[in-house]
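Asker: Structure here, sequence nowhere to be found:
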């Protein structure tokens, strides 16, 4: 994984996308802080998840686990801005 400043990334964005297409991941920094990671997109289109969800209903234990996971999530930071 290579690092690149935001300025450099903006000046060579097409080449950066070419690198991502070839499988490389680049960390973009601004002022020495990591602000983005640009890399290859996943190949999945959600069809596998759709099939899994359509294959039946989850058992009670799985449903409890999902509820517990949702309850454990805390949202930090500002809310999404309204349009």
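Answerer: Perfect, thanks for sending it. As the structure is a computational prediction, the values presented were derived from the model and not from experiment.

Asker: any low-confidence regions in the chain?
Answerer: 75, 77-83 (pLDDT under 70).

Asker: what about the longest helix in this protein?
Answerer: Using DSSP state H, we find that the single longest helix of the chain is helix 60-72.

Asker: what residues does that helix touch?
Answerer: By Cβ atoms under 8 Å, 6 or more residues apart in numbering, the residues outside helix 60-72 that reach it are residue 58. Where C-beta positions appear, they are placed from N, C-alpha and C, glycine not excepted.

Asker: again, 10 Å this time
Answerer: For helix 60-72, contacts defined as Cβ atoms under 10 Å, 6 or more residues apart in numbering pick out 57, 58, 59.

Asker: from the residues you listed, which is closest to residue 7?
Answerer: Distance ranking of those against residue 7, using Cβ to Cβ, places residue 58 first at 48.1 Å.

Asker: how about the closest one, what does it touch?
Answerer: By Cβ under 10 Å, 6+ apart, the contact set of residue 58 is 64, 65, 66.

Asker: how about 8 Å then?
Answerer: Contacts for residue 58 (Cβ under 8 Å, 6+ apart) come out as residue 66.

Asker: Any chance of the backbone angles for it?
Answerer: Torsion angles at residue 58 (phi, psi; degrees, to the nearest 10) stand at phi -70, psi 150.

Asker: any idea how far it lies from residue 72?
Answerer: In this view, residue 58 and residue 72 are 18 Å apart by Cβ to Cβ, to the nearest Å.

Asker: again, but for residue 24
Answerer: Using Cβ to Cβ, residue 24 is found at 34 Å from residue 72.

Asker: Looking only at neighbour counts, state which of these two leads.
Answerer: residue 24 (14 against 7; other Cβ atoms under 10 Å).

Asker: so the more buried one touches residue 39, yeah?
Answerer: Yes. Residue 24 lies in contact with residue 39 (Cβ atoms under 8 Å); the separation is 7.0 Å.
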